[in-house]
Each structure stands twice: as C-alpha cells, then as structure tokens.
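Chemist: next comes the sequence, and after it the predicted model I'd like to discuss.
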Amino acid sequence: MLFSSISFLYFFLPAVLILYFIVPKVLKNSVLLISGLVFYAWGEPRYVVIMVISILVGYVFGLLIEKFRGKKLSKVFMILSVCTDLGLLLYFKYVDFFIDNINNVTGLSIPLLRIMLPIGISFYTFQILSYTVDVYRGDVPAQKNPVTLGAYITMFPQLIAGPIVRYSDVERELRERKHTLQKIYEGIIRFCVGFGKKILIANALGELCDNFKNTDEKTVLFYWLYAIAFSLHIYFDFSGYSDMAIGLGKIFGFTFMENFNYPYISKSVTEFWRRWHMSLGQWFRDYVYIPLGGNRVSLLKHLRNIFVVWFLTGFWHGADWNFIVWGLYFAVLLTLEKLWLGKYLKKSKVLSRVYVLFLIVISFVIFNAAGMGEAMQYIGGMFGIGATGFAGAEWLYNLKSYALMFIIAAIGATPVPKLLVAKIKETKAGDIALSVLSPVFAVVIIILCTAYLVDGSFNPFLYFRF
Amino acid sequence: MKEKIKYIVTVVLSAAIVFGFSGWFLFGAPKEYSESERRVLKQLPEFSFDAVLSGDFMADFEDASPDQFPLRDIFRSIKAYASEYIFNKKDNNKIFVADGHLSKLEYPMNDEMIDYAGERFNFIYDKYIKDTDAEVFLSVVPDKNCFIAEENGYLSFNYNEFADKLSEKVPFAAYIDIMPLLSADDYYTTDTHWKQENIIDVAEKLTTEMGASFNGEFTVNTVDKPFYGVYYNQSGLKVPTDEIKYLTNSATDGCTVTNYDTGKALTYPVYDMSKLSGADLYEMYLSGTVAVSVIENPEATEKRELVLFRDSFGSSIAPLMIGSYSKITVVDIRYISPTALEDLVDFENADTVLFLYSTVLLNNSKAMK
C-alpha cells in the first residue's frame, strides 16, 4: 500500500487511527504491528511471510546475543543473524543479477529465477540488522517482547521506504510515548507537506520524465530538461515520502530522524551526502565504514573503505550495473574532494554549488537509466552525442508547460520557504496569520491532492522498489 | 491558547475531511457509469480469501477506488483548474484550451499508423473494388489542432505532409484536398467533430470532384439542448457549451437509413432524434456508431451509388451528400472487419468509393479492423 493512494488515506489510515486511539496503552504496539502487517500484505500478500520470518529471526537472535554476551557464542549469533538477513536480501534482490553476470562471463545459460522483489526488503532488512548489531554492541538491550520488536520493524509509516529508523532511536517511545494534540497537529502538517511534495510536485515532474522517455525527439536540451526534472522529481518524491513518514510517526507518538536536509544547497558532494537520505548514509557509516576503520587507518585503507561503502550504497539501490557505477561515481568524487578538490570548493559558494548540482544531475541520469547502455546513451545525448537535434518542438513545449513547476520545485528544494515562514512568525501579525493559515493549508493540500489522486492513476513512490 | 485553537481546528478539519469522505465512500451507493468520461466505472471487488491471497483483491481495489470516490467529477474539475490556473500547465491529461476551443494533443505523426491505414484501404481495394468500374477517392479530414495548436504553442504535426504520406500509400485513389475549406470555426468548441452547418462547401467539393451534381440548399435546424462535446467533461473545466444543428432539405427528409448490425434490418431517418436523449448529441447523425448502414434516396433523379468508408466525421457529412446519390452505403471498419463486407456492401453497382477519415483516427488507425 502507498501513502499516496485513496485506499491508504480514506480506508486504512482512518481505520488504524480509530483502533489505535481507542485501545488501551498496552495494546497500542499490537495495533501498530497488525496494521503494519496489513499495510505490507496489501501490496505483497505472499511476501509478508518473509518479513515475519525476518522479524522472528531478529527477535530470537537478539535474545541469544544478549544471553551469551561476553562469550564467543554471542558473536556467532550476531554473525548468523547478519548472514540470515543479508542472505534473504541477497536471494530476493540480487540472485538474478548474479546469475545473469555468471552467464555473461562464463557463457553458461543458467535460467533466471525471476523472483519478485518483496517491497521494502532493503529497508526492513537494514533495520533488523541494525537492531541485532546494536544488541551485540550493547547499545540497546534485547527486546523481550516480540510484539514490541515487531511493531518497530513493521511500523507502517517507515516500513517500505524509510527513513531507516534505528531501534535505539525509538526504543524509549516503544515503551512509553505521549500522544498530545500538538504532536498530532505537527504530524498532520508534516504529512501534508510531504503529501503536497509528492502529489503536486514530484508526480508532475515525473510526467515530464515520462514524456521524455516516450518520445523519439530526444534533443540535447530535452536530455537536460529530463535530467534536471528527474533530479527534482526524485528529491520531492523521496523527501515527500519521508515527510509523510515522519508526520505519521508523530501522530502515533514517534519521533523519526530527518532524512533530508535541503541537499541541493550543498557546496560539495561530501556535504550532499550529509543532507541526502541521511538515514542510509548514517547506517552505512555506523555499520560498514566505521567497523572497517573509517578514516582512522592508512590512506590506502581509508580509500578502500570509501569505495566499499559506496559500492554497497550503489548496490543497495538496485541490482544492476548502473547502480554500482552510480555508487562508485560518488566514491571517486568523495575521494577527489577529500584529497584535493575540497579546499578549492570552499573558495566560492556559487561555483561550488554549480559544481555539485551539475554532478548530481549527471549522477541521477545514471541512477534512473535502464542499465548502463541507456545511461551512456543519455549522458552522451546531454552532450550532443546521438541526440536528434539541439532544441526541438517537444523540448520547448515541455519547458513551457512545466516552467512554473520547475520554479516552484527549485525554490521548494531550498530552505527559503521554511526561513520565510520563520521570519513571518517572528511578528505578532505574522504569527496570527500563520495560525489561521495552518488549518487552511492542511485542508487545501488534502483536498487538492485527493483531486489529483481521483483524476490520476497508479503513482508509486520511486524508492519503494528498493 | 491561540496555539491550542490552531491545533484543534487543524486536527478537527483534517479528520472531518478524511473520516467524512471515508464514511461517504463506504456507505454511498456505487456508481456504474461516468457521464463525463462516457465510460463504465470500475467497481470495488468482491472480497474472497483467494482474491486476497493472490493480491487481485488489493490490485482491483486500488484501480476502482478513484473511480468510486464521492464527488469524482468535482474533484476532477478541481484538478483541472489547479493544473491550468495554479501550475500553469499547458495541458491536463493532454486536453488543452486554445482560442476558445477544447482539444486534445495529437502528436507526433505516427508513420506506423499511416502505413496501417493504407494497408487496410489497399486490402479493401484489392478484395472488392479493383475489378469493378467504381472510381476511388481519398480525403483526409484535419482535426481542429490543424488550426489552433501550433499558433498557440501546442505540439502539432504537418497536416499536409500527413495527407501526402497517406495518399502515397493509396495510389489507386484520387486525393481530394478539403483542408483549404476548413478553419477552427468549423469545429465544435467542446468536441472533436466539425459542425454540419459549416461543411456544406466541403460536401460540395467532395461531391463535385467525384463527378456528381450538388444541391447546397438546406434548412438549418437547431437542437434545443446544449451540446456537451467529448472534451467538455474530459477536461473538467467549465467552458461555454456548443449548439448542435442539423440541415434538412427534401432529400434528407425523404431518405431512409437501414442498418443490419443486429442481424435484422433497422430503419430510421438520417437524423435519429432518439439520440438527443443520450450523452452524445452528435450521435443523432446517422444514429452514431454503426458498422454498415445504407442511406437510400427515393428522390434521386439518377441512379448513382456511393460507398463511403468513414469514421464519425462521415456521419454528419453523408446527409449533406445524399441529395447527389440514389444510395450511399456508409461503412465504418472500426466496427466491422473488411473481410465481412461482401454480403453487406454492393460494390458491383457502386459508381464511386470514397475513403474519408480524420487525422484523429488515421494517426491511431489500429482502431480499424
């Protein structure tokens, strides 16, 4: 099930809210667990079993790790837990990638298994992994109540597309959380912000990307228009979803970490990755980069660590070479910035931002391509190689049609709106005005986005395929 | 205190909308047909464990829930207005407004479709016409984008090039160019079709170039009901409606239309007034979508027969031409395979065969069987 659907907003959510707020405190986690399973099963009825197995495996191993803490068995169980979780992920997400590449290299014809990818497996696997490793490290006690652990994993606000919530971040709230009118209000507003970002901005720019992909008139300028549109589309799609997840979490009494911090104002690629999909970046930092030694090793090992993390980051995003190349692209850039470029970027805020935006736009062309062949074709097209012309009628039509949307998206991708609201709030009149406008905003967004949903059709989030 | 009021009002209003529409959806009567979209609406699926386990129930529910949402047409209008006036998009679901007309983007020119149409026409010629004495003609009706799209910044292909390409595929047919006779004003503002009262000159040109005489004297009659064209409700925008008119003279009054689509002969006048109670008033011309119908003109002074292969644009022009013929057989190969025409169409006695199709259909000619 997706947040941006009639079934979620007008069936699932009202039902869960009613149930959640009428049951006694002791049953609230059970409601979260069951609703999470229903939410997941709505899209993947068969694969909910995989998620339940993953949760049970994590639960049992968590207890065993803690039971044998200080002994070698504790580490054995931790390794087994990691292997089981990663094994499931590798099988369901990557097995055909491996088979395909083995066939290409060896000339064999091993048949592909054509396994359907369980929605969100990359997200919940990482959550379970972080739980068992944190238990092993002694950062958190093992959760003895399977319902509580299950509620953490299956919590529908963040189940299929993040943020990747650490157990340690919500452990206290799982035990004890407050539901206040203010939190519910803040949750609604945050949800509406995300809803608007996804439906009104991301989907519109996604249409432009589809227009580009469906045309034979792929001119240089249309390649660039597509690349910029996709970069904005993926930002608003993913950050919009994260906003909705954070907003929903707040309604249910949870505070999830922020996942985006205006990445497009970054002055270096290093900074970009501290602002983009922050929960993933931090996960790889804490569970791969630092255990490998981070930057507290020799230069060669440091570079190795960077490349390992970024190879895995790319691979996590998709089982295809373009994702691996995308990840390694950033490894190279980050290395260059660390070793040499970084000091020059500090000299000009404007040029450094242009540099970042240019490289990020190129990166997302690779990311969104249907394989390396298409990635090379599109990048070539952006620089005139293989393009059908320079400008063209379709480019111009799409530019005119989406011009205002680009402007809205460009401004929306910066802190300007937030700073403006904060500035207005500083005055008494402004504060009153905002107080009046808040409910108006929520109503307008819900009605407007519903209108788009009713008029449109299926509109999945990009990241849910991971 | 102010903050608390803000919280309460926001939560209450949001909850009212979500729970309100949720309840309305759950307990409201299901809708079966959309007048605005002229289609059957998807229904919510029946619950069964098998359907749930297979995922079919959920998939069908997702598909049907937008169709069944309360106040669907109002929400579609909200979206149309937001798209047009807030976000300044040039089109909404490819429907646009230009020079007071609602229209639909038709771009790019599809060579494959032109080839296919040519192939169908060649099939018909080879099977039925080649060995007869009938003269064969071809004419392309430009859709109104020809006159409003490019000048208003909308995507548009070259209509002359389109006609030339098709003409090359149909070498056995002499081409009659009607484009110079047409302009945007000759089309309904809310519909794709041309106005019958504005195409007398087109009917004259077609008829005279096909060697028949033409009587251009008609009485113009206006239907006392607003015409909501096909784009009106698709667009979701509230624009002035059209007026539909029909032209009569002694020939139209005296002739009868017979169709055999149901297997039995069904006879009616050229203007089927029973269609005025339906959603699409344009169907009053020759009773709308019919595979094969025969218009007979007992007043004809000479025996002259035309076989007209056409799409819906032909429905409104055929009555203007019947005065020049004793019989017009009107064929729509979207609804009947060309292989099945032998017993329904008299090619042996046909003096003239005309292929008259609009660019809307020709650019999407896979609709032809």
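Modeler: Cool, got the structure. Note that the structure is a prediction, hence the values are computed from the model and not measured.

Chemist: least trustworthy helix or strand in the chain by mean pLDDT?
Modeler: Using chain A here. helix A:342-345 (a mean of 90; mean pLDDT, DSSP states H and E).

Chemist: not quite, go with chain B.
Modeler: strand B:39-40 (a mean of 78).

Chemist: packing partners of the least confident helix or strand of chain A?
Modeler: Contacts defined by 3 or more Cβ pairs under 8 Å, 6 or more residues apart in numbering or on different chains; DSSP states H and E place helix A:342-345 against helix A:349-368. Using the backbone N, CA and C atoms, a C-beta is placed for each residue, glycine as well.

Chemist: contacts for the helix it packs on, please.
Modeler: A:209, A:226-228, A:230-231, A:234, A:263-269, A:271-272, A:317, A:322-323, A:325-326, A:329-330, A:333, A:345-346, A:375, A:378-379, A:382 (Cβ atoms under 8 Å, 6 or more residues apart in numbering or on different chains).

Chemist: rerun that using 6 Å as the cut-off
Modeler: With Cβ atoms under 6 Å, 6 or more residues apart in numbering or on different chains as the test, helix A:349-368 has contacts from A:227-228, A:230-231, A:266-267, A:272, A:322, A:325-326, A:329, A:345, A:375, A:378-379.

Chemist: ditto for stretch A:235-252
Modeler: With contact meaning Cβ under 6 Å, 6+ apart, stretch A:235-252 is reached by A:3, A:157-158, A:161, A:163, A:183-184, A:186-187, A:190-191, A:193-194, A:197-198, A:201-202, A:256, A:259-260, A:461-463.

Chemist: ok now that stretch, how far from the chain's centre?
Modeler: Relative to its parent chain, stretch A:235-252 has a centroid offset of 10 Å by Cα atoms, centre = their mean, to the nearest Å.

Chemist: can I get that stretch in PDB, CA atoms only?
Modeler: Provided in PDB are the C-alpha atoms of stretch A:235-252 (Å, rounded to 0.1, in the frame of the first residue of the first chain):
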ATOM      1  CA  TYR A 235      14.000  14.600  -4.400                       C
ATOM      2  CA  PHE A 236      10.400  15.600  -4.000                       C
ATOM      3  CA  ASP A 237       9.200  12.100  -4.300                       C
ATOM      4  CA  PHE A 238      11.600  10.700  -1.700                       C
ATOM      5  CA  SER A 239      11.700  13.600   0.700                       C
ATOM      6  CA  GLY A 240       7.900  13.900   0.300                       C
ATOM      7  CA  TYR A 241       7.600  10.400   1.300                       C
ATOM      8  CA  SER A 242       9.900  10.900   4.300                       C
ATOM      9  CA  ASP A 243       7.900  13.900   5.400                       C
ATOM     10  CA  MET A 244       4.800  11.800   5.300                       C
ATOM     11  CA  ALA A 245       6.500   9.000   7.300                       C
ATOM     12  CA  ILE A 246       7.800  11.500   9.800                       C
ATOM     13  CA  GLY A 247       4.400  13.100  10.100                       C
ATOM     14  CA  LEU A 248       2.600   9.800  10.500                       C
ATOM     15  CA  GLY A 249       5.200   8.700  13.100                       C
ATOM     16  CA  LYS A 250       4.500  11.900  15.100                       C
ATOM     17  CA  ILE A 251       0.700  11.300  15.100                       C
ATOM     18  CA  PHE A 252       1.400   7.900  16.600                       C
END
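
Chemist: pull out the buried residues from it.
Modeler: Along stretch A:235-252, these residues count as buried under the neighbour rule (16 or more other Cβ atoms under 10 Å in any protein chain shown): A:235-252.

Chemist: now do stretch B:79-99
Modeler: So, applying 16+ other Cβ under 10 Å, buried residues of stretch B:79-99: B:79-80, B:82-84, B:87, B:89-93, B:95-98.

Chemist: please identify the residues of chain A in proximity to chain B?
Modeler: Contact residues (Cβ under 6 Å from any Cβ of the partner chain) of chain A with chain B: A:6-7, A:10, A:14, A:42, A:45, A:181-182, A:184-185, A:188, A:393, A:397, A:401, A:404-405, A:435, A:438-439, A:442-443, A:446, A:448, A:451-452, A:454-455.

Chemist: in strands only, show me the buried residues of stretch B:79-99.
Modeler: B:95, B:96, B:97, B:98 (DSSP state E).

Chemist: now the last one. Nearest residue, chain neighbours left out?
Modeler: Counting by Cβ to Cβ, 6 or more residues apart in numbering or on different chains, residue B:98 lies nearest to residue B:152, which is 3.9 Å off, once chain neighbours are set aside.
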